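Trainee: quick one, what's the 3D model for this:
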Amino acid sequence: MNKELARTVVRTSAQYLIHKKHFGPGAINADLEILIHHLESLLSEAYLGETLARFTEEPGDSVREETLRLQLLNFLRANPEAARVLAGALAKIRPRPWWDRQRGLLIGGTAVAVVAVIGLVVWLAAPGSTSTGPRAEPIPSSATATTTTTTTTTTTTSSVVPSSSAPPLTSIPVSGQPGDGGSVASGTKIFVDGLPRPQNTWIFRNGDHDVQLVQFNNSMWGSLNSCYTSERSVRQEFKLRNFKRLEVPAVDTDSTSDTSMSVKFQVFANAEQVTPLLEVVTGPGETKKIELDLPANVFSLTFQASLLTADVKNCVRGNAVWGSPHVVAGRS
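Mentor: A predicted model of the protein is given here:
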């Protein structure tokens, strides 16, 4: 019940804020303003307040909407009285939604109720849009420390170190050969999401994304869900040659993920599917940075993220994110 309430409150608020921004003061609705006021009062704690502020700035951003939905859900689970307050405010809106009044629909009482319910379901079911196009932006710094790593060959060294600032990255120049580090100057950093993929297929999603609220450009992420065996692990392969190093400024879950998630991040080389070059485990809210020297003759890298939180009853879910992963050109 809390899941449906959180989803409906956030989606209804988003649609109203978008409508109000578009039409101005004439679109103000008292009942929906009360709903927004309740959200502001309930989510007044600094972290939750910041999430709500970002959402109200850009209510059409699906990532911000999903972040608020998940944080509101966790808040409602811990505060039953808050759930009753929001349910009561929402109940006052549903019999006669604001979009019916704005359009001036003159329909009988029974018809209004039917149209309102159908319109609300269709509207709330419509997915938001996300931008997946890469942009050349500086990689931000992240303030987390590092712990464990695994290395499996004598030609490979790897480390997980505290996050620090890094220079902006580039895409492969037009004159270069995609995936070939030998076609650019040694030391050039290339985003992994610009490397060739088998059958040119994406399994991960890619674009600008956050790792625990810190935004990283040219990121990759996969969705994980403890309730489905097929969604407890996700992997993506890339083709490359003449690269000597892999660097990932941050790996962890994003701000929309369940806060109890623990994830194992692995990198495999070539046809190897069992023993990774590197393995890093992040606990709930624990961000780590990856640096991995690649062995000679690497022709493909497979990035895999696996959910370690085995909660089938409550369906732990979220996104495992590789923040701005890139490879460094040069021979190993």
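
Trainee: so which residues of the stretch 151-300 of the chain form strands?
Mentor: Counting by DSSP state E, counting those that start in this stretch, one finds strands in the stretch 151-300 of the chain at the ranges 157-161, 189-191, 205-211, 214-225, 233-239, 243-253, 263-269, 278-282, 288-293, 300-307.

Trainee: so for residue 59, which of those sits nearest?
Mentor: With distances scored as C-beta to C-beta, the stretch of the strands of the stretch 151-300 of the chain nearest to residue 59 is strand 205-211 (17.4 Å). To be clear about C-beta, it is placed using only N, CA and C from the backbone, and glycine gets the same treatment.

Trainee: CA atoms of stretch 250-266 as PDB?
Mentor: Presented in PDB, the C-alpha positions along stretch 250-266 are these (Å, rounded to 0.1, in the frame of the first residue of the first chain):
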ATOM      1  CA  ALA A 250      33.100   5.600  -8.600                       C
ATOM      2  CA  VAL A 251      31.100   2.400  -8.400                       C
ATOM      3  CA  ASP A 252      28.100   1.900  -6.200                       C
ATOM      4  CA  THR A 253      24.300   2.200  -6.400                       C
ATOM      5  CA  ASP A 254      22.500   5.300  -7.400                       C
ATOM      6  CA  SER A 255      20.200   7.600  -5.300                       C
ATOM      7  CA  THR A 256      17.100   5.700  -6.500                       C
ATOM      8  CA  SER A 257      18.200   2.400  -5.200                       C
ATOM      9  CA  ASP A 258      17.100   0.600  -2.000                       C
ATOM     10  CA  THR A 259      19.400   1.700   0.800                       C
ATOM     11  CA  SER A 260      20.100  -1.900   1.900                       C
ATOM     12  CA  MET A 261      21.800  -2.900  -1.400                       C
ATOM     13  CA  SER A 262      25.200  -4.500  -1.500                       C
ATOM     14  CA  VAL A 263      26.700  -5.000  -4.900                       C
ATOM     15  CA  LYS A 264      29.700  -6.900  -6.300                       C
ATOM     16  CA  PHE A 265      31.400  -5.300  -9.300                       C
ATOM     17  CA  GLN A 266      33.600  -7.500 -11.500                       C
END
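
Trainee: please identify the buried residues of that stretch?
Mentor: Of all the residues in stretch 250-266, those buried under the rule 16 or more other C-beta atoms under 10 Å are 250-258, 260-266.
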